[in-house]
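A.B. asks: let's see this in three dimensions:
(one chain, ligands or ions: 1)
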Amino acid sequence: MAKYIGKEMSRVDGVAKVTGKAKYAAEFKVPNLTYGVIVTSTIAKGTITSIDTTEASRAPGVVHILTHENYPRPSSGQNGGGPRRGGFRALDSAQIFFNMQPIALVVAETFEQARFAARLVKATYKEEKPMTDLIGALDQVPGQQGARTRGNPAAAFEAAPVKIEAEYTIPIEHHNPMEPHAAIAFWEGDKLTVFDKTQGVSMVRDHLAGVFQIPAENVRVTSPFVGGAFGSSLAPNYYPALTATAARVVKRPVKVVYTRTQMFTGHGYRSHTWQKVSLAAGRDGKLMAFMHDSRNNSSTIQDWVENTTSHPRNIYACPNALSIQRPVKTDMPPPCAMRAPGAVSGMFALECAMDELAYELKIDPLELRLINFTDTEPDSGKPYSSKALRECYHLGAEKFGWKDRSFEPRSMRDGRLLVGWGMATGVWGAMQVPASAKVALKVDGTAYVTSATADIGPGTYTVMTLITAEHMGLDTDKVKFELGDSNFPTAPVQGGSFTTASVGSAIYGAAQNIRQKLIDLANKDTNSVFKTAKLEDTELLEGKLCFKDGSTGSVDIFDLMRRNNVTVLEDLYTSRPSPERQNYATGAHGAQFVEVKIDPAVGTIKVTRVIEVTACGKIMNPKTSHSQEIGGVVWGIGMALHEATEVDHRHGRIMNPNLQHYHVPVNADIHEIETLFVEEDDKIVNPLGVKGMGELGMVGIPAAIANAVFHATGKRIRDLPITPDKLLAESI
Ligand code: MOS
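C.D. replies: Next comes the predicted model:
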């Protein structure tokens with residue numbers, strides 16, 4: 001019987017966060033600090049012909065100005081010779097790849113002095129015409145090269161009695177974490193320390209070791225608290241290397257913080273996608289063919305493929321499938337992963353198309369999903385380790401009252417408001433990747449646990465404390481878990497929603513080993529009742545080593561340690577996905593039901609009710625888990641109705657790089673949201689039976705909303721976000 005797992009637990013770092021005690025990257029106090037301010041380009045494509053820093057250098061307090069002309073490079077001619085992660089290195093050359101590209105770093109005694117001087121840096125350019133519009137360049141990648149095919153989709157499509165074909169577009173969207181990217185860097189001899197805002201301290205350490213050609217153990221990166229990231233810090237951004245380079249040049253600590261505007265060109269974004277979906281079915285609703293052609297805008301520096309097609313081709317039973325996904329080079333910064341990358345975009349297209357097909361077939365949209373339900377993964381034919389999606393559909397429909405929905409569009413009203421009910425399916429992987437953690441059980445009755453993982457907001461501090469307490473048989477207040485330091489055992493980035501499955505499994509493994517060490521210690525006593533005990537028959541509970549079945553003969557573990565003069569028992573454990581996983585398909589699933597109310601006079605849409613049911617294995621901490629799913633729904637509402645990065649294609653420049661003009665949902669946009677879990681008992685995915693949920697919660701929401709808008713109005717808006725002007729242009 002679990003003592004902590006599955007019970008609500010408040011965030012262990014909650015008080016520190018709300019009282020300001022939690023320190024974020026830019027908040028560390030370092031003596032003798034200087035401040036760097038980034039200067040960015042005013043063109044999108046071309047070459048810097050001159051960069052004049054004379055006036056800026058004379059401004060009060062300026063210590064140094066770095067440009068591509070004086071940027072230190074080792075003899076290799078590379079910018080540090082390091083890996084080109086994130087695709088872009090600042091101040092590498094005179095070439096301009098995108099608008100608002102960094103062209104100088106002004107370092108001064110104070111932030112204000114650096115900011116003032118930054119405005120005095122003058123650059124001239126040889127400008128070329130940029131091409132930043134995906135839609136204008138779709139033909140850059142003609143043909144079907146690289147297509148993934150199952151069966152014979154073209155022939156099956158041709159032969160099918162019912163078919164639909166539609167194009168869907170999603171604009172560029174930006175992560176807008178509250179905490180901007182920031183780093184403080186300083187050198188002590190050839191040892192580098194960086195306070196960074198990142199999803200992976202081990203990754204940034206390795207990146208910087210590569211850039212400066214120094215051993216990884218000479219670099220320490222810390223990131224104890226992160227004010228949201230959502231994928232924006234999954235790869236090393238350009239600023240840690242830039243900041244560390246500046247610190248080496250000025251021989252003092254340097255701090256660099258992005259402005260909100262720089263957050264729009266400094267780390268990537270969800271790419272602009274164009275997707276064409278073709279669905280064919282029999283009159284019974286059974287899918288016969290699925291074709292998915294997806295293109296996304298990328299950069300000229302590095303290709304980024306938005307993986308829109310992997311989930312859609314596997315979510316329903318369909319013998320014939322074709323998927324194409326291609327990047328289109330544009331003069332924009334490189335895109336990157338943003339919460340539920342690819343999945344939320346691809347499932348928007350598929351789940352809207354499924355709704356269109358349901359109307360073509362005159363079959364209830366939920367019924368159509370159930371008709372095409374699959375217990376095996378279509379591509380591999382493997383059974384799922386667990387997949388309670390059917391239960392999600394049923395529970396969600398019941399809670400929402402789906403049976404009372406009238407099928408016809410424009411058939412439901414609330415006074416003069418049009419009412420629409422829509423639904424969709426959500427999916428995300430149930431990944432596990434190698435991760436290490438160290439558990440130290442101390443004779444004073446506490447456990448100290450470390451791993452170089454991150455907590456970008458989901459509640460990692462809390463869940464790791466809970467997992468340790470459960471498996472070490474200690475109260476949660478006796479456990480201290482620390483993360484975000486590259487000196488801790490190596491962990492992957494916090495991404496892909498795989499942290500609890502990966503790092504949690506490492507803690508679980510270490511706890512098993514420590515229990516074995518305690519059994520060995522107990523067995524030094526000739527009268528030990530554990531002489532023939534199997535590890536799996538024992539457990540640690542309330543400070544005692546005992547038998548799971550409650551048989552007599554427990555031993556107080558701290559007495560045991562004291563008697564044997566052991567002050568600490570440690571285990572460093574690296575968890576890896578089990579070979580058994582290979583025999584199964586794995587995934588996390590969900591079903592969303594949405595109500596919208598639309599004012600036909602002005603085209604405003606309110607998402608008045610959302611029921612989201614999710615099946616993602618075992619729920620460790622319901623409190624933070626619901627919080628994750630609610631957050632996903634809120635973001636899904638933003639994606640459906642608000643978010644768009646607007647680019648002026650004449651200049652290739654983002655027009656709304658701020659939170660005034662880049663719209664995200666506010667409290668007034670959010671109404672009733674209920675999240676539910678259907679728990680799965682799945683020991684194949686990992687020993688804890690957990691699947692990722694952080695990204696899953698938003699997948700399906702934009703489609704469910706678009707489908708509800710169609711149900712309310714009879715208008716199919718296939719271009720996100722669904723703003724009032726689009727609805728009015730379609731004259732509701
Ligand atoms: Mo997530 S986009 O893997 O940080």
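
A.B. asks: show me the residue of the stretch 501-650 of the chain that gets nearest to the ligand, please.
C.D. replies: Distances between the stretch 501-650 of the chain and the ligand by CB to the nearest ligand atom are smallest at W635, namely 11.4 Å. (Glycine included, C-beta is placed from N, CA and C.)

A.B. asks: nearest residue to that residue in space, please, no chain neighbours.
C.D. replies: Excluding the flanking residues, the one nearest W635 by CB to CB, 6 or more residues apart in numbering is M698, at 4.7 Å.

A.B. asks: return the residues of the protein in contact with the ligand.
C.D. replies: Those residues of the chain that sit near the ligand, judged by CB under 6 Å from any ligand atom, are Q199, F230, G231, L234, A337, M338, R339, P341, G495, G496.

A.B. asks: surely the third one meets R339?
C.D. replies: Yes: between G231 and R339 there is a contact under CB atoms under 8 Å: 6.1 Å.

A.B. asks: list residues touching both of the two?
C.D. replies: Common contact partners of G231 and R339 (CB atoms under 8 Å, 6 or more residues apart in numbering): H175.

A.B. asks: packing partners for the longest helix along the chain?
C.D. replies: Identified as the longest helix of the chain according to DSSP state H is helix 499-522. Helices and strands touching helix 499-522, by 3 or more CB pairs under 8 Å, 6 or more residues apart in numbering; DSSP states H and E, are strand 435-442, helix 460-472, strand 538-541, strand 544-547, helix 557-563, strand 568-575.

A.B. asks: what pairs with V37 across the strands?
C.D. replies: V106 (DSSP bridges).

A.B. asks: what is the mean pLDDT for stretch 69-84?
C.D. replies: Averaging pLDDT along stretch 69-84 gives 58.

A.B. asks: equivalent analysis for stretch 139-152, please.
C.D. replies: Average pLDDT, stretch 139-152: 84.

A.B. asks: tell me the SS of the closest residue to the ligand within the stretch 451-600 of the chain?
C.D. replies: The ligand sits closest to G495 of the stretch 451-600 of the chain, with a gap of 3.1 Å, by CB to the nearest ligand atom. Taken by DSSP: H, G, I helix; E, B strand; the rest coil, the conformation at G495 corresponds to coil.

A.B. asks: I'd say it and G231 touch.
C.D. replies: Yes: if you go by CB under 8 Å, G495 and G231 touch, sitting 6.6 Å apart.

A.B. asks: which residues touch stretch 102-111?
C.D. replies: Against stretch 102-111 from outside (CB under 8 Å, 6+ apart): 34-41, 48, 51, 53, 56, 59, 61-68, 90-91, 96, 114, 117-118, 121, 123, 238, 242, 246, 250, 254, 256, 266.

A.B. asks: how many neighbouring residues does A59 have?
C.D. replies: By the criterion of other CB atoms under 10 Å, A59 has 19 neighbours.

A.B. asks: could you do the one 10 residues further on as well?
C.D. replies: Burial of E69 is recorded as 13 neighbouring residues (other CB under 10 Å).

A.B. asks: how about it, phi and psi?
C.D. replies: phi -80, psi -30 (degrees, to the nearest 10).

A.B. asks: per-residue confidence at S578?
C.D. replies: pLDDT, S578: 97.

A.B. asks: with the one 4 residues further on instead?
C.D. replies: Q582 carries a pLDDT value of 96.

A.B. asks: give me every residue that touches V596.
C.D. replies: Listed by CB under 8 Å, 6+ apart, the contact set of V596 reads V419, G420, G422, I605, K606, V607, T608, I705, A708, V709, A712.

A.B. asks: my read is it is in a strand, agree?
C.D. replies: Yes: remark: V596 belongs to a strand, assigned using three-state DSSP.

A.B. asks: pretty sure T149 belongs to a strand, no?
C.D. replies: Yes: counting by three-state DSSP, T149 is found in a strand.

A.B. asks: how much space between it and L322?
C.D. replies: Counting by CB to CB, to the nearest Å, the separation of T149 from L322 is 5 Å.

A.B. asks: of the two, which one has the most company?
C.D. replies: L322 (23 against 15).

A.B. asks: tell me which element that one falls in.
C.D. replies: Using DSSP states H and E, L322 sits in strand 321-329.

A.B. asks: can you list the buried residues in stretch 577-588?
C.D. replies: By 16 or more other CB atoms under 10 Å, the buried positions in stretch 577-588 come out as P577, R581, Y584, A585, T586, G587, A588.

A.B. asks: do the same with stretch 349-357
C.D. replies: Buried residues in stretch 349-357, counted by 16+ other CB under 10 Å: A349, L350, E351, C352, A353, M354, D355, E356, L357.

A.B. asks: so which of these belong to helices?
C.D. replies: Going by DSSP H, the helices hold A349, L350, E351, C352, A353, M354, D355, E356, L357 from those.

A.B. asks: in CSV, list those residues along with pLDDT and distance to V107.
C.D. replies: Shown next, in CSV, are those (pLDDT from 0 to 100; distance: CB to CB, whole Å):
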residue, pLDDT, distance to V107
A349, 98, 46
L350, 98, 49
E351, 99, 50
C352, 99, 50
A353, 98, 52
M354, 98, 55
D355, 98, 55
E356, 98, 56
L357, 98, 59
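
A.B. asks: count of residues packed around the closest residue to G553 other than its chain neighbours?
C.D. replies: Spatial nearest neighbour of G553, chain neighbours left out: V529 (3.3 Å); criterion: CB to CB, 6+ apart. Here the number of neighbours of V529 (other CB under 10 Å) works out to 17.
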